[in-house]
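In: Make a model of this:
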Amino acid sequence: MILNIQTRILRTINFPTMRNLLIAFILLIIAYSCTTDYDLQLEATSSRLVVDAKITNQDGPYLVRLTKSHSGSHNELILASSGDTVYNYHYPFDGTKAVQDAEVFIKDMNTQFTDTLIKCPTGLLKYHEATNNYHAWSIFEMADTSILMGFYKTQKIKGVAGHSYSLTIKWQGQEYHAESYMPPVPTLDSVKLKFTTGDFGKFDYNIPLIYFKEPQNERNYYLFITQAPYGVWPYSILSDEYLKEYVNGLDVCKGNSPDYWINAYPHANGSGGIDDYFIEMHSLTKEGYEYYKSLIQQFRTDGGSYSSSPASPPTNLDNGALGFFRASAVNRVDFKREDPPQSEWLP
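Out: So this is what the prediction gives:
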């Protein structure tokens, strides 16, 4: 980068003598000649592989997403084609740089079976026939887990609680590895929504409570994924350090902002509201727990004077890759919201 730095002296000249006019003229010439070139060498930051991978005991396929780290925003032009037609898209919407040319493998270390992952489909081309008012036309819809977003999927492997798994990625002449054990997960006996009256001027809301038997004499870690009418909240984690043998109505939003639950679990007046919910309880290793704990702490960091500087979360990947590969057993409960007594409705 070349910066031209010029110093200019602007001055009102009002000298009656020829000598003063000559001095002013000489000063202006000197000022305009003061130009220095500076070559600022900006340090180039090399991209690093970012991995988001998991395997569970639920039915597959299991997904691995590969992207490249970069600074600033990113709006890459992606070309999708079908036959002789090419469709242009400014994607991905989340500002990532997808890795589309990697080889990915997941191995069950107990059975020694290795599954080779394949690229997820790019999307779906939809054809619309001609009508009285419109000509025939086609539209390409990007898949949520498209290879254009860096997604790969398994073909045959099945996750089993108590097994260990390895992830291998080959990309641009480099290999990356990670291993993860899949701990068992307790059975959720039931889930209830606790109706809570909001403060004056605030909405009423529901808080999910869970009930389960916690294994004792061992340290366990969990991640909760909850589905509410307005979205999914995937970052609720728990250590069993202070849990009793039977967990009787645990508020899974403990440690997270209550504003989310007020918005995501609202109490809708009248009928016709969205009543379908689910909660998934995922087992975590200690390394997985520390990874998500670090992510949550970074989300809460406001960047102020008293906040610590953000750092890369811990990873179980080698060779400088970022992200995490986790193996989780999952227990899921689907449930519906129950309306409160009529006396609690506003007239």
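In: since we're on residue 322, how many residues are nearby?
Out: A count of nearby residues for residue 322, using other Cβ atoms under 10 Å, gives 16. Glycine gets a C-beta too; all of them are placed from N, C-alpha and C.
In: Residue 60: what secondary structure?
Out: Following DSSP: H, G, I helix; E, B strand; the rest coil, the label given to residue 60 is coil.
In: give me every residue that touches it.
Out: 153-154, 157-159 (Cβ atoms under 8 Å, 6 or more residues apart in numbering).
In: Quick check on it: phi, psi?
Out: phi -80, psi -170 (degrees, to the nearest 10).
In: do you know how far it is from residue 157?
Out: 7 Å (Cβ to Cβ, to the nearest Å).
In: Same check on residue 313?
Out: Relative to residue 157, and taking Cβ to Cβ, residue 313 is found at 26 Å.
In: Looking at these two, which has the bigger crowd around it?
Out: residue 157 (21 against 17).
In: so what's residue 247 bridging to?
Out: residue 212 (DSSP bridges).
In: per-residue confidence at it?
Out: Looking at residue 247, its pLDDT stands at 90.
In: Please look at residue 313 and residue 296 and confirm they touch.
Out: No. Taking Cβ atoms under 8 Å as the definition, residue 313 is not a contact partner of residue 296, at 9.7 Å.
In: my read: residue 293 touches residue 237, true?
Out: Yes. Because the distance of 6.2 Å satisfies Cβ under 8 Å, residue 293 is recorded as touching residue 237.
In: Which members of the contacts of residue 60 are positioned in strands?
Out: Among the contacts of residue 60, the residues falling in strands (DSSP state E) are residue 153.
In: Distance to residue 113 for the contacts of residue 60 - can I get that in TSV?
Out: Output for these, formatted as TSV (distance: Cβ to Cβ, whole Å):
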residue	distance to residue 113
153	16
154	11
157	6
158	9
159	12
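In: May I see the contacts of residue 60 arranged in CSV, with distance to residue 66 and pLDDT as well?
Out: Compiled in CSV, the contacts of residue 60 are given as follows (distance: Cβ to Cβ, whole Å; pLDDT from 0 to 100):
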residue, distance to residue 66, pLDDT
153, 12, 96
154, 14, 97
157, 18, 98
158, 22, 97
159, 20, 98
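In: and which of the contacts of residue 60 is nearest to residue 100?
Out: Within the contacts of residue 60, the smallest distance to residue 100 is 13.6 Å, found for residue 153 (Cβ to Cβ).
In: Count the residues that sit near the closest one.
Out: Residue 153, neighbours per other Cβ under 10 Å, totals 18.
In: Just the pLDDT for the spatially closest residue to it that is not a sequence neighbour.
Out: Nearest residue to residue 153, sequence neighbours excluded (Cβ to Cβ, 6 or more residues apart in numbering): residue 61, at 4.0 Å. pLDDT, residue 61: 96.
In: Got the phi and psi for residue 148?
Out: Torsion angles, degrees, to the nearest 10, at residue 148: phi -70, psi -20.
In: pretty sure it is touching residue 96, no?
Out: No. Residue 148 is beyond contact range of residue 96, at 10.6 Å (criterion: Cβ under 8 Å).
In: Would you mind giving the domain segments of the chain?
Out: The chain breaks down into these domains under automatic domain parsing: 2-39, 49-181, 188-344.
In: Please tell me how far the closest residue to residue 156 other than its chain neighbours sits from residue 239.
Out: Distances taken as Cβ to Cβ, 6+ apart put residue 115 closest to residue 156, at 5.4 Å, once the chain neighbours are dropped. Distance of residue 115 to residue 239, computed by Cβ to Cβ: 32 Å.
In: Give me the more crowded residue out of the two.
Out: With neighbours defined as other Cβ under 10 Å, residue 115 and residue 239 compare such that residue 115 has more, 21 against 14.
In: beta partners for the more buried one?
Out: Beta-bridge partners of residue 115, as defined by DSSP bridges: residue 106.
In: Now do the same contact list for the residue nearest to residue 156.
Out: Contacts of residue 115 by Cβ under 8 Å, 6+ apart are 105-107, 154-157.
In: Let me have the residues you listed in CSV, adding distance to residue 177 as columns.
Out: Shown next, in CSV, are the contacts of residue 115 (distance: Cβ to Cβ, whole Å):
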residue, distance to residue 177
105, 10
106, 11
107, 10
154, 17
155, 20
156, 21
157, 17
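In: what about residue 172, distance to residue 150?
Out: In terms of Cβ to Cβ, residue 172 sits 14 Å off from residue 150.
In: Which one's more surrounded, those two?
Out: residue 150 (24 against 9).
In: pretty sure the more buried one is touching residue 53, no?
Out: No. In this structure, residue 150 is not within contact of residue 53 by Cβ under 8 Å, at 11.1 Å.
In: residues shared between the contacts of those two?
Out: The contact lists of residue 150 and residue 53 share residue 65, where a contact means Cβ under 8 Å, 6+ apart.
In: where in the stretch 101-250 of the chain is pLDDT low?
Out: Residue ranges of the stretch 101-250 of the chain with pLDDT under 70: 124-142, 198-199, 201-205, 228-235.
In: Do a quick rundown of the strands in it.
Out: Here the stretch 101-250 of the chain has its strands, by DSSP state E, counting those that start in this stretch, at 103-108, 113-116, 118-119, 123-128, 137-142, 151-153, 164-171, 174-181, 188-196, 205-213, 221-228, 231-239, 246-251.
In: which residues sit against the shortest one?
Out: The one in question is strand 118-119. 100, 147, 151-153, 155.
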